[in-house]
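# what follows is a predicted structure for the sequence shown.
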Amino acid sequence: MKPSLVIVGLGNPGDNYKRTRHNVGFMAVDRLSEEFGIGEWEDKQKFLSYIQEARVGVAPVLLVKPKTYMNLSGDAVRKIVDFYKIDPATQILICVDDIDIPLAELRMRKSGGPGTHNGMKSLVDTFGEDFARLRIGLGQPPQGEDLSGWVLSAMQADEQKAIQESFDSLSGLISDFILGS
């Protein structure tokens, strides 16, 4: 199946990162998998990613969780773009955590810079700024807290609950995005 859209969740591989703030992109794609996924996740070494086919309405979609660490996300996505010969500006949607948005707020953008996010820096270095992203708010770290340590630490129960509740609107956002609304 050639996907009309590739939805990539950003995160770090491995169980030690599974519940961290920096992995909410993976969490979003897992929720989309529950809603739209077809079959099981597959470990595809040629894409340096776990992938799953999905269908949103009639649109074929590929869900992706790169196995590279965050700062090498562009390498994995490049392999998929090249293999399927897709246009990053119109056929990729990146799900990514964002500290500049209040906790659990979701915002779609068609393009933009990477900010302080290393995964986004890797993607912008690879594709430029013209690709869509769903920004998932983490809010700001507590004053004096090291940013890197904070995003790589596990979410508190109330943060996890807020994020999961915000994901209740994901399927509608993705459907609207695909339909061009």
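Received it, and whenever you're ready, just let me know what you need.

# how close does the residue at the greatest distance from the centre of the chain get to residue 150?
Seen from the C-alpha centroid of the chain, the residue lying at the greatest distance (C-alpha atoms, centre = their mean) is residue 144, 27.5 Å away. Using C-beta to C-beta, to the nearest Å, residue 144 is found at 10 Å from residue 150. (Glycine included, C-beta is placed from N, CA and C.)

# residue 167 too?
The gap separating residue 167 from residue 150 is 21 Å, by C-beta to C-beta.

# more neighbours: which of those two?
residue 167 (21 against 16; other C-beta atoms under 10 Å).

# OK, contacts around the nearest residue to the more buried one once chain neighbours are set aside?
Among residues not flanking residue 167 along the chain, residue 31 sits closest, at 4.5 Å (C-beta to C-beta, 6 or more residues apart in numbering). Counting by C-beta atoms under 8 Å, 6 or more residues apart in numbering, residue 31 touches 164, 167, 170.

# going by distance to residue 38, which of these wins?
The shortest approach to residue 38 among those belongs to residue 170, at 17.1 Å (C-beta to C-beta).

# OK, contacts around that closest one?
By C-beta under 8 Å, 6+ apart, the residues touching residue 170 are 28, 31, 32, 35, 106.

# which parts of the host helix or strand of the third one are buried?
In the assignment (DSSP states H and E), residue 32 maps to helix 24-36. Of the residues in helix 24-36, those with enough neighbours to count as buried (16 or more other C-beta atoms under 10 Å) are 24, 25, 26, 27, 28, 29, 30, 31, 32, 33, 36.
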